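Undergrad: Give me a model of this one.
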Amino acid sequence: MTNPFRTPWTLRAALLLAVTAVTGCAEKKPAAPAGPPVVALVRAADWMGSEWSEDAIKFGLEEAGLEEGRDFTLQLSSAQGDIASLPTLLQAAVDAKAAVIVALQDATLQVAVQQVKTTPVVFHLLADPFAAGAGTSDSSHLANFTGVYSPGFGDPEQDRRVELIRRTLPKAKSVGILFSSDEPLAASLKDKMKAAAERAGLRVAEVGVASINDASQATASLIALKPDAIEIYGNSVHTAFEAVIGAAKAAKIPVFSASPFEVMKGATAAIYPDFQEGGTVAGGMVARILKGESPANIPFHRVTTSKVAVNTGTGTTVPADIKNEASKVVGDSTNP
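TA: Below you'll find the predicted structure:
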């Protein structure tokens, strides 16, 4: 019987079959088409309204001609005030091959700067990208980072926040400050607020909040010092706002905030930047990156417009001139 492997063609075919069986190099079917690129939104906490974050960002993407589901997919994750979990959330976005990570709030950006080295990052809803190490100016920054910020969000001058308290409570002699002691920016803003209040002749009491679970006890400790008003800073404190406002309301102490959404939940007044407009700008930045532009070529955008929100249903009388200035006024019927 003739050995088929004696012929050159048969020998080559047999060797090819053997190599294919061992290495798995047989002809492969084309890979299934990938879905739309993922835009991963990572939050430090949930005290921001969606109209400031995902809704505004989607609007910016749509203005740029991109359609959700066709051109991109949004995925949202939140540390819910547990700042220690941010590295895990950001790493999950990197591992999922997100096309762009949107870092919401300063604490998220601070971790992203340390951890995300190549994936494009667009930041939003924050006060100071420079303190986080994202850049040294609007045009000089890390190659994979860009975004939207407002000094007015933290309001480094703080005098306007003190002025709002004094105008609302002309007889006030002291202010209490609750701040997230595990967040450097919150501690810095607390210090600036304290200095501004003391310049205005107000006594200052301050209590740090180490975690969300400590907020109730910290609020009780601050209330025991009998301040005439309370100002709050930091994601842990804002996340625990329900506990803060409940205790303050029982003690009849008005709370002031940097969030119009907390005014709707019982804070007396807030000064805040127009981050709804800023979110649209951030969405436009994401769109530019999805279309192939490098973040290195997109300057930071600074939001300069600030607004005032007041709640007339908290038991504290809001002067007419402040109500007239306010962009948002809510009262008993609209207060959740």
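Undergrad: Give me the contacts around stretch 184-196.
TA: The contact list for stretch 184-196 (Cβ atoms under 8 Å, 6 or more residues apart in numbering) reads 106-107, 110, 127-128, 131, 154-159, 161-162, 175, 177, 179-181, 204, 206, 208, 231, 233-235, 237. All C-beta atoms are positioned from the backbone trio N, CA, C, and that covers glycine.
Undergrad: Would you mind listing which of these are buried?
TA: Buried members of the contacts of stretch 184-196, counted by 16 or more other Cβ atoms under 10 Å: 106-107, 110, 127-128, 154-155, 158-159, 161-162, 175, 177, 179-181, 204, 206, 208, 231, 233-235, 237.
Undergrad: Let's see which of those end up in strands.
TA: 175, 177, 179-180, 204, 206, 208, 231, 233 (DSSP state E).
Undergrad: G278 reaches G152, doesn't it?
TA: No. The pair G278 / G152 is not scored as a contact, 10.6 Å apart, by Cβ atoms under 8 Å.
Undergrad: Between these two, point out the one with more neighbours.
TA: Using other Cβ atoms under 10 Å as the criterion, G278 and G152 rank with G278 on top: 26 against 22.
Undergrad: Identify the residues contacting that one.
TA: By Cβ under 8 Å, 6+ apart, the contact list for G278 reads 52, 56, 124-125, 148, 150, 301, 303.
Undergrad: Export the residues you listed as JSON lines, with columns for secondary structure.
TA: Converted to JSON lines, the contacts of G278 look like this (DSSP: H, G, I helix; E, B strand; the rest coil):
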{"residue": "W52", "secondary structure": "coil"}
{"residue": "A56", "secondary structure": "helix"}
{"residue": "H124", "secondary structure": "strand"}
{"residue": "L125", "secondary structure": "coil"}
{"residue": "V148", "secondary structure": "strand"}
{"residue": "S150", "secondary structure": "coil"}
{"residue": "H301", "secondary structure": "strand"}
{"residue": "V303", "secondary structure": "coil"}
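Undergrad: Widest-spaced pair of those?
TA: Farthest-apart pair in the contacts of G278 is W52 and H301; separation 14.7 Å (Cβ to Cβ).
Undergrad: quick one, which of the two is more surrounded?
TA: With neighbours defined as other Cβ under 10 Å, W52 and H301 compare such that W52 has more, 23 against 19.
Undergrad: Quick check, pLDDT for the residue nearest to the more buried one when sequence neighbours are not counted.
TA: The shortest distance from W52 to any non-neighbouring residue, by Cβ to Cβ, 6 or more residues apart in numbering, is to F275 (4.6 Å). F275 is assigned a predicted lDDT (pLDDT) of 89.
Undergrad: Thanks a lot, catch you later.
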